[in-house]
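A.B. asks: What follows is a protein structure lacking sequence information:
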C-alpha cells in the first residue's frame, strides 16, 4: 500500500474538519495547454469523499484573479442538485486564482431523551425550534471558503487574495507539485500565522484504494505544515481554525475553514 508520508505531528483523535464535508473546486486539469481552446469548465460541490459531488454548496459565483492581477466575478452557468458549473475564458497565459465567497452555516449538536446524538442547522437564537427536553451540547458557526489555482499555457507568480478567512501559501508553485517533493504550506489569519490549526489532506486515490490514509496534521509555531506525496493524483486540503465565542447570541464556537484542491504529478 502506498501512503503519503508526513513530516509533522499526527493529530490524536478525530477533528471537526475530518468529519465534515469538504468544499472543493474541480477541473479536468489544473494545468491546461491549448493553442485553440480557451474556455474550460469548473465544478464546485461539497462531499465527504474527495471530488465525488454530493451536494450543491450554492456559492453562485467565484472570485477570479487573472495572471496579470485583474479581478472579476465568475457567475455559475449551471446549478444542480449536486454541484454548480462555471465556465472560464482563459484568454491570458499564466496562473489564475479561483476563490469562492465565504459561506456561513450554524450547526447545533444535541442529544435526545434516549441519548442519541443529533445535528441540525440552527443558531442559538432559534433553540425554540428544537424538540422538547433535549440536551444541547454546542452550536458551531462554520465560515467556509474554497479555492484553487489553474495555469493556462504556462505558469506565472500565483496571486494571493487578502480577504476574509484563512490565507494559504506554499513553498512550491501550486500547479507544480510532484511526487517525492517536500511541500510546505503556511496558513495565516488576519496577517498572523495560524498555530495548531488543523490540516486534513484527502486524495481522490481513496476512491481506488480504500486503504489510502487520510492525513491529519497540526501547524507549527510558524503556521506551517510539511508533507511529501508519494502518489500522483488529485488532493483537497482542509484547514480549520477554531475560536471560542463568549456571550455570542448565535454560537458557542466559530470554525473558520479553507479548502484548496490541487494535483500532484509524477
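C.D. replies: Looks like it arrived, so ask away. From a predicted model like this one, the values you see are computed outputs, not experimental measurements.
A.B. asks: Give me the nearest residue to residue 127, chain neighbours excluded.
C.D. replies: Distance criterion CB to CB, 6 or more residues apart in numbering; nearest residue to residue 127, sequence neighbours excluded, is residue 136 at 6.7 Å. Backbone N, C-alpha and C define where each C-beta goes, glycine included.
A.B. asks: now that neighbour, what's its secondary structure?
C.D. replies: Using DSSP: H, G, I helix; E, B strand; the rest coil, the structure places residue 136 in strand.
A.B. asks: got a list of what it touches?
C.D. replies: Going by CB atoms under 8 Å, 6 or more residues apart in numbering, residue 136 touches 108-110, 127, 130.
A.B. asks: From residue 128, how far off is it?
C.D. replies: For residue 136, the distance to residue 128 equals 12 Å [CB to CB, to the nearest Å].
A.B. asks: returning to that earlier point: roughly how far does the residue nearest to residue 127 sit from residue 115?
C.D. replies: From residue 136 to residue 115 the distance is 14 Å (CB to CB).
A.B. asks: now do residue 79
C.D. replies: Per CB to CB, residue 79 is found 39 Å from residue 115.
A.B. asks: so how many other residues sit close to the nearest residue in space to residue 154 that is not next to it in sequence?
C.D. replies: Spatial nearest neighbour of residue 154, chain neighbours left out: residue 93 (5.1 Å); criterion: CB to CB, 6+ apart. Residues contacting residue 93 under the criterion other CB atoms under 10 Å number 14.
A.B. asks: isn't residue 93 right next to residue 153, touching?
C.D. replies: Yes - if you go by CB atoms under 8 Å, residue 93 and residue 153 touch, sitting 4.2 Å apart.
A.B. asks: circling back to that earlier point, let's see which of the contacts of residue 136 end up in strands.
C.D. replies: Assigned to strands by DSSP state E, the following of those qualify: 108-110.
A.B. asks: Next, format the residues you listed as a markdown table and append distance to residue 199 and pLDDT.
C.D. replies: Shown next, in a markdown table, are these (distance: CB to CB, whole Å; pLDDT from 0 to 100):
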| residue | distance to residue 199 | pLDDT |
| --- | --- | --- |
| 108 | 26 | 97 |
| 109 | 23 | 97 |
| 110 | 29 | 97 |
